[in-house]
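A.B. asks: Compute the structure for the input listed below.
(2 chains)
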There are 2 protein chains.
Amino acid sequence: MTRIINKPKDTVSQVLNGVAYIHQDRIERIPKTGVLIKKNREKNQVAIISGGGSGHEPAHFGYIGKSMLDASVSGPIFVPPTSAEILLTIETVDAGQGVLLIIKNFEADVQNFLEAEKMAKAKGHKVGHVIVNDDCSVEIGSFEKRRRGVAGTVFVHKILGAAASDGKSLTELIDLGEQVIGSLNSLGVALSSGTSFSKEERRFELDKDTISFGIGIHGEEGYRSEPFHSSEALANELINKLLVQYEQPTNKKFALLINGLGTTTIMEQYIFSNDVRRLLKLEEIEVVFAKTGNYMTSTNMAGISLKLLEIIEDSWLDYLKKPTDAFAWS
Amino acid sequence: MTRIINKPKDTVSQVLNGVAYIHQDRIERIPKTGVLIKKNREKNQVAIISGGGSGHEPAHFGYIGKSMLDASVSGPIFVPPTSAEILLTIETVDAGQGVLLIIKNFEADVQNFLEAEKMAKAKGHKVGHVIVNDDCSVEIGSFEKRRRGVAGTVFVHKILGAAASDGKSLTELIDLGEQVIGSLNSLGVALSSGTSFSKEERRFELDKDTISFGIGIHGEEGYRSEPFHSSEALANELINKLLVQYEQPTNKKFALLINGLGTTTIMEQYIFSNDVRRLLKLEEIEVVFAKTGNYMTSTNMAGISLKLLEIIEDSWLDYLKKPTDAFAWS
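C.D. replies: Numbers count the residues shown, from 1 in each chain, chains lettered A, B, ... in the order given. Got it, this is the predicted structure:
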């Protein structure tokens, strides 16, 4: 299919320029880099950075705003940013209170972010990190848990961003982040693999009326393909797989995120949301916060993912609800 | 492709239930109808209703909120709601200051909304309407202007909603709406036709690397198909076609909306936004307000549309910027 692009090599750079243009009241680009930064950053608080490969829009730049991120750093499509650009981002946003990196758990991402953290510390910056590993799918073959970082990351952005704006220290934010990540679980399915961005190649093949469980956000195939029956059956399966991650989940409070992976229509997302509602009610789960939309995509993959966050402290809910002008959060 | 649905006949009803569930702090459904209404509606101001067929999500329910809509009324996919349901909506939201209907210019929509207006007036309600006709494409064959109502409608929702919250009367809102509509122009292209929602039929065929100019939001084919060259060439063509609609456009202020039609990625939308930026600058057009995103879709059509609104009064810009909690606006 035709794509609205110019020269493929300019794609990411032009995306970032477009974001800086449309959101120029709030966001600017450090020229010739993958770095977008919040204008009018607050002083006297820890600065928060997230990022990763491109192809997951509106992640991560859509979460730049008050009580969320101070900057995002984007690499090429599905390739993490270099440690040099992450370092530049740290140096740019550090206002003296330190910098927190929110990293998705993929080997190359973790490596580059931690290398940048080390370089920044050597230059005298106070830097820490949390690694989000919300995915509770398993490896094909070994059935080992993979614990990749997927769209649940957006809840981590919001809670830690709001806590930072509340004056929490870097150490406090890391502790809070680790607690939140420990209460967060995600699982996604694909209905089509999507194609690589500048070519027509499908990343994997799915039979008609078949879905793939446990897909990744870089087009990775899931661990199991099976026939699709209905939105309700799918909701039932995903909820069951997520709830077993929690001890005694009955009567607990949860935040819910239903994430479209790219080309799944908003109609389908809300039909699925409706099924999730009925099934969680049967499980006596109290949903105290809910969002549905395209929060972290995998270019043009069709599919949906479900994330549950058990609300351990009431303050987490306050942080989720705290207003932000990040354009992709609402 | 598989779709995340249950029984096809339940699709729209389940979408509306899903919306009322996820946004239960703000939105409720009148059971068994296509009507979603704002909770905690302001008294002492004109109530505003919009709606139409389903398949355009997040339109129109995504614009329910403070300083925007009081209610949306949805029909089946690509079929307008009945006059009976529109009447019910009017009766529900009228707080004594009257009700304004924002109608998209399609024959069946206009007919049903005006019939409901007539019935409501007979029951003693004060009701008025504006008809949005922002599309400046032409008919195949006759080349007559069609002036359908498309995604520019979202600017009308925002400006009139904010003006209503400012205490404007029904007559003042109708006058303002007609002025805004007279300054609004849209043009869209499709890169793929999309399929009808419960079948695999494509609504029209496009050759590879070909785009269709002047498509509608119900999957209607455009008036001309031609090869796709680049985002920049497309931006150039759409801008030129829109600017000829304005007299002496140089040095005037415009609001800009770049709308994804469904499955076009956010990356492509921002690449196109970047091209629009450079070209409008060359035309010495001052963009004082800009948005990019999926504001009014045509299910799974791939494509993009561009809307320009000439800002005649500074108050229009204030109304566009006035905060709202409508979830699809940010």
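
A.B. asks: give the contact list for A:K121.
C.D. replies: A:K121 is in contact with A:V127, counting by Cβ atoms under 8 Å, 6 or more residues apart in numbering or on different chains. Heads up, the C-betas are built off the backbone N, CA and C, glycines and all.

A.B. asks: That one and chain B: what is the separation?
C.D. replies: Using Cβ to the nearest Cβ, to the nearest Å, one obtains 33 Å as the distance from A:K121 to chain B.

A.B. asks: Surely that residue forms part of a helix?
C.D. replies: Yes - assessed by DSSP: H, G, I helix; E, B strand; the rest coil, A:K121 belongs to a helix.

A.B. asks: can you tell me the residue of the stretch 201-330 of chain A closest to chain B?
C.D. replies: The stretch 201-330 of chain A approaches chain B most closely through A:Y270 (3.2 Å), counting by Cβ to the nearest Cβ.

A.B. asks: show me the contacts for the closest residue to that residue other than its chain neighbours.
C.D. replies: Leaving aside its sequence neighbours, A:Y270 sits nearest to B:G18 (Cβ to Cβ, 6 or more residues apart in numbering or on different chains; 3.2 Å). Contact partners of B:G18, counting by Cβ under 8 Å, 6+ apart, are A:269-274, A:277, A:292.

A.B. asks: Need phi/psi at the closest residue to chain B within the stretch 1-150 of chain A.
C.D. replies: Nearest to chain B in the stretch 1-150 of chain A, going by Cβ to the nearest Cβ, is A:G18, at a distance of 3.2 Å. For A:G18, the backbone dihedrals (degrees, to the nearest 10) come out as phi -60, psi -40.

A.B. asks: Tell me the pLDDT of it.
C.D. replies: On pLDDT, A:G18 comes in at 98.

A.B. asks: A:S142 too?
C.D. replies: On the pLDDT scale, A:S142 gets 69.

A.B. asks: Tell me the secondary structure at A:L256.
C.D. replies: Criterion first, three-state DSSP; result for A:L256: strand.

A.B. asks: Identify the residues contacting the nearest residue to it once chain neighbours are set aside.
C.D. replies: On the basis of Cβ to Cβ, 6+ apart, the spatially nearest residue to A:L256 that is not a chain neighbour turns out to be A:A290, at 4.4 Å. Contact partners of A:A290, counting by Cβ under 8 Å, 6+ apart, are A:255-258, A:273, B:21-22, B:24.

A.B. asks: Contacts only, for the residue lying closest to A:L170 once chain neighbours are set aside.
C.D. replies: Excluding the flanking residues, the one nearest A:L170 by Cβ to Cβ, 6+ apart is A:G98, at 3.9 Å. If you count contacts by Cβ under 8 Å, 6+ apart, A:G98 has them with A:46-47, A:125-128, A:169-170.

A.B. asks: Show me those residues that map onto helices.
C.D. replies: A:L170 (DSSP state H).

A.B. asks: Most neighbours out of the contacts of A:G98, which is it?
C.D. replies: The most neighbours of any of the contacts of A:G98, using other Cβ atoms under 10 Å in any protein chain shown, belong to A:V46, which has 30 neighbours.

A.B. asks: export stretch A:244-261 as CSV, just CAs?
C.D. replies: These are the backbone C-alpha positions of stretch A:244-261, laid out as CSV (Å, rounded to 0.1, in the frame of the first residue of the first chain):
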residue,chain,number,x,y,z
VAL,A,244,-3.4,-15.2,37.3
GLN,A,245,-0.4,-12.9,37.6
TYR,A,246,-2.0,-11.4,40.8
GLU,A,247,-2.4,-13.1,44.1
GLN,A,248,-6.0,-13.1,45.4
PRO,A,249,-7.2,-10.5,42.9
THR,A,250,-10.8,-10.4,44.1
ASN,A,251,-12.1,-7.1,45.4
LYS,A,252,-8.9,-5.2,44.5
LYS,A,253,-8.8,-2.0,42.6
PHE,A,254,-7.3,-1.9,39.1
ALA,A,255,-6.5,0.6,36.4
LEU,A,256,-7.2,-0.6,32.9
LEU,A,257,-5.6,0.3,29.6
ILE,A,258,-6.9,-1.1,26.3
ASN,A,259,-4.4,-0.3,23.6
GLY,A,260,-4.9,-0.4,19.8
LEU,A,261,-1.8,-1.6,18.0
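
A.B. asks: Which positions within that stretch qualify as buried?
C.D. replies: In terms of neighbour count (16 or more other Cβ atoms under 10 Å in any protein chain shown), stretch A:244-261 has its buried residues at A:245, A:249, A:252-261.

A.B. asks: how about the strands in chain A?
C.D. replies: Ranges of strands in chain A, per DSSP state E, are A:27-29, A:35-38, A:47-54, A:71-77, A:99-104, A:127-132, A:184-192, A:210-213, A:224-227, A:253-260, A:286-293, A:302-310.

A.B. asks: Would you mind putting those into a markdown table with mean pLDDT alongside?
C.D. replies: Listed next are the strands of chain A as a markdown table, based on pLDDT from 0 to 100:
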| stretch | mean pLDDT |
| --- | --- |
| strand A:27-29 | 98 |
| strand A:35-38 | 98 |
| strand A:47-54 | 97 |
| strand A:71-77 | 97 |
| strand A:99-104 | 98 |
| strand A:127-132 | 97 |
| strand A:184-192 | 92 |
| strand A:210-213 | 88 |
| strand A:224-227 | 88 |
| strand A:253-260 | 97 |
| strand A:286-293 | 97 |
| strand A:302-310 | 95 |
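
A.B. asks: Make CSV out of those and add distance to B:K66.
C.D. replies: Shown next, in CSV, are the strands of chain A (distance: least, Cβ to Cβ, whole Å):
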stretch, distance to B:K66
strand A:27-29, 24
strand A:35-38, 25
strand A:47-54, 29
strand A:71-77, 29
strand A:99-104, 31
strand A:127-132, 33
strand A:184-192, 31
strand A:210-213, 39
strand A:224-227, 44
strand A:253-260, 23
strand A:286-293, 19
strand A:302-310, 27
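
A.B. asks: Flag every residue of the stretch 151-300 of chain A that's near chain B.
C.D. replies: With Cβ under 8 Å from any Cβ of the partner chain as the criterion, the stretch 151-300 of chain A meets chain B at residues A:191-192, A:197, A:208-211, A:228, A:230-232, A:234, A:258, A:262-275, A:277, A:290-292, A:294, A:297, A:299-300.

A.B. asks: In PyMOL, select just the buried ones from those.
C.D. replies: Buried subset of those, written as a PyMOL selection, criterion 16+ other Cβ under 10 Å:
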select buried, chain A and resi 191+192+197+211+228+231+232+234+258+262+263+264+265+266+267+268+269+270+271+272+273+274+275+277+290+291+292+294+297+299+300
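
A.B. asks: quick one: A:Q269 and A:A302 touch, right?
C.D. replies: No - A:Q269 lies out of contact with A:A302 (Cβ atoms under 8 Å); the separation is 11.2 Å.

A.B. asks: roughly how far apart are A:Y295 and A:V150?
C.D. replies: Using Cβ to Cβ, to the nearest Å, A:Y295 is found at 10 Å from A:V150.

A.B. asks: contacting residues for A:S74?
C.D. replies: A:12, A:15-16, A:34-36, A:51-54, A:60-61, A:81.

A.B. asks: that older thread, look at A:Y295 and A:V150 and report which has more neighbours.
C.D. replies: A:V150 (33 against 26).

A.B. asks: quick one, phi psi at the more buried one?
C.D. replies: phi -130, psi -150.

A.B. asks: rewinding a little: please narrow the residues of the stretch 151-300 of chain A next to chain B to those residing in helices.
C.D. replies: Going by DSSP H, the helices hold A:231-232, A:234, A:266-275, A:277 from those.

A.B. asks: As CSV, those residues with distance to A:S315 and pLDDT would be great.
C.D. replies: Shown next, in CSV, are these (distance: Cβ to Cβ, whole Å; pLDDT from 0 to 100):
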residue, distance to A:S315, pLDDT
A:S231, 34, 96
A:E232, 34, 96
A:L234, 33, 95
A:I266, 31, 96
A:M267, 35, 97
A:E268, 34, 97
A:Q269, 29, 98
A:Y270, 29, 98
A:I271, 33, 98
A:F272, 29, 98
A:S273, 26, 98
A:N274, 30, 98
A:D275, 30, 98
A:R277, 25, 96
